[in-house]
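Q: When you get a sec, could you give me coordinates for this:
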Amino acid sequence: MPGLADALVIVAVAGLVIARQFRPSRMNAERRWWIVSAVLGIAALRDPGILGPQHHAAAMGLLATALLLGLVIGAGLAWTTRIWTEADGTVWSRGSKATVAVWIVGIGVRVVLFALGSVLGVHQDASAALLALAGTLLVRSGVLAWRARTSIAVAAPVTGPVGAPVTAYGDAMARPAWKEPV
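A: Next up is the predicted model:
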């Protein structure tokens with residue numbers, strides 16, 4: 001893909017992910033959460049200009065740094081997202097104020113990395129940014145799917161051999177009349 005098309009894809013995907021992240025959304029831990037990242041990664045790797053012809057080592061270093069930062073940013077996005085389980089067992093997620101800060105810092109770091117490449121005279125293609133975005137989304141989605149599965153496992157009621165809920169220590173104790181159950 002040409003650089004302009006890559007840039008438009010990056011802006012569209014990032015805008016869609018950011019917009020959806022700040023609305024409460026129902027999560028499904030079983031869905032194929034890695035597909036969008038795989039498509040973006042394949043699109044980025046198809047471009048032969050991902051590494052510039054000159055300054056090959058510096059371009060590889062910048063690409064590796066962008067990928068590493070993308071993975072860290074993806075983890076930050078996932079861990080700052082609030083996840084909760086409703087009474088019916090569905091798991092929901094929504095970005096927090098800290099998630100906004102991670103997006104801002106992530107975009108700022110990418111701008112600084114691009115400026116560093118420009119100062120070093122390294123050709124930087126939009127495919128490198130697309131690959132870093134794919135890594136960010138892959139880690140974010142993977143950690144969120146893991147957290148959703150963990151939330152489902154924790155929220156599932158534990159039942160005894162006959163299907164009756166297992167009681168906790170102290171459930172059968174008489175409560176004083178002046179205390180209300182919480």
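Q: Tell me, please, where in this protein the pLDDT is lower than the cut-off.
A: Residues of the chain that meet the criterion pLDDT under 70 lie in 1-3, 6, 29-31, 49, 52-55, 152-182.
Q: Can you tell me the element the spatially most central residue of it falls in?
A: Note on the chain: the residue nearest the mean C-alpha position is Arg140, at 1.7 Å, using Cα atoms, centre = their mean. For Arg140, the host element (DSSP states H and E) is helix 126-155.
Q: Show me what that helix is packed against.
A: Helices and strands touching helix 126-155, as assessed by 3 or more Cβ pairs under 8 Å, 6 or more residues apart in numbering; DSSP states H and E, comprise helix 3-21, strand 25-27, helix 35-45, helix 56-79, strand 81-85, strand 91-95, helix 97-120. (C-beta placed from N, C-alpha, C; glycine too.)
Q: Trp146: which of these is closest?
A: Minimum separation from Trp146 across the helices and strands packed on helix 126-155 (Cβ to Cβ) falls at helix 56-79, 8.5 Å.
Q: out of the helices and strands packed on helix 126-155, nearest to Thr136?
A: helix 56-79 (4.1 Å).
Q: That closest one vs helix 97-120, what angle?
A: Between the axes of helix 56-79 and helix 97-120, defined by axes from the mean of the first three to the mean of the last three Cα atoms, to 10 degrees, the angle is 170 degrees.
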